[in-house]
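J.: the following comprises the amino acid sequence and a computationally predicted model.
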Amino acid sequence: MNVITVTGTVDKQQRLVLDAPAVLRGRSKVRALILPEAGLDVEEMAWLAAASGNGALDFLRDPAEDIYSRTDGQPFRDMDFRYGVPPSGGSSDRLKAELHT
């Protein structure tokens with residue numbers, strides 16, 4: 001696969017406008033990979049929409065990939081974090097004691 005790097009801007013109608021013409025032979029379909037400029041605040045919902053429309057993970061919808069159930073394995077409990085939030089001071093021993101009560 002050949003790769004051509006060009007820059008551009010997404011306009012108000014959500015169309016990609018290239019800064020320079022892409023050098024291609026005739027009319028052809030292309031695939032665009034959009035890399036926002038550093039520091040550009042792209043909303044999370046825009047990323048989720050783009051990811052959900054991408055077929056890269058479609059294979060996970062195949063029933064043959066569904067090999068685990070909720071009863072498989074054992075829950076993971078990280079003793080240094082409670083509910084995914086790091087403790088705000090104090091020792092991990094105190095946190096462990098809280099988790100076991």
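T.: Cool, got the structure. Quantities reported herein were computed from a predicted structural model and do not represent experimental measurements. Residues are numbered from 1 along each chain as shown.

J.: only C-alpha atoms for contact and neighbour calcs from this point on.
T.: Noted.

J.: neighbours of G8, how many?
T.: 13 (other C-alpha atoms under 10 Å).

J.: ok, it - contacts?
T.: Taking C-alpha atoms under 8 Å, 6 or more residues apart in numbering as the contact definition, G8 lies against L16, V17, L18, D19, A20.

J.: nearest residue to it other than its sequence neighbours?
T.: L18 (4.0 Å; C-alpha to C-alpha, 6 or more residues apart in numbering).

J.: same check, this time on L16
T.: Spatially, and ignoring its direct neighbours in sequence, L16 is nearest to V10 (4.5 Å; C-alpha to C-alpha, 6+ apart).

J.: run a quick neighbour tally on the one you found.
T.: Residue neighbour count, defined by other C-alpha under 10 Å, stands at 12 for V10.

J.: wait, a helix at L60?
T.: Yes - secondary structure assignment places L60 in a helix (DSSP: H, G, I helix; E, B strand; the rest coil).

J.: quick one: contacts for it?
T.: Taking C-alpha under 8 Å, 6+ apart, one finds D66 in contact with L60.

J.: now flag whichever of the contacts of G8 is closest to I34.
T.: L16 (9.3 Å; C-alpha to C-alpha).

J.: one step back: correct me, but the residue nearest to G8 touches V6?
T.: Yes - L18 lies in contact with V6 (C-alpha atoms under 8 Å); the separation is 6.9 Å.

J.: residues touching the residue nearest to G8, list them.
T.: Applying C-alpha under 8 Å, 6+ apart, we find L18 in contact with V6, T7, G8, T9.
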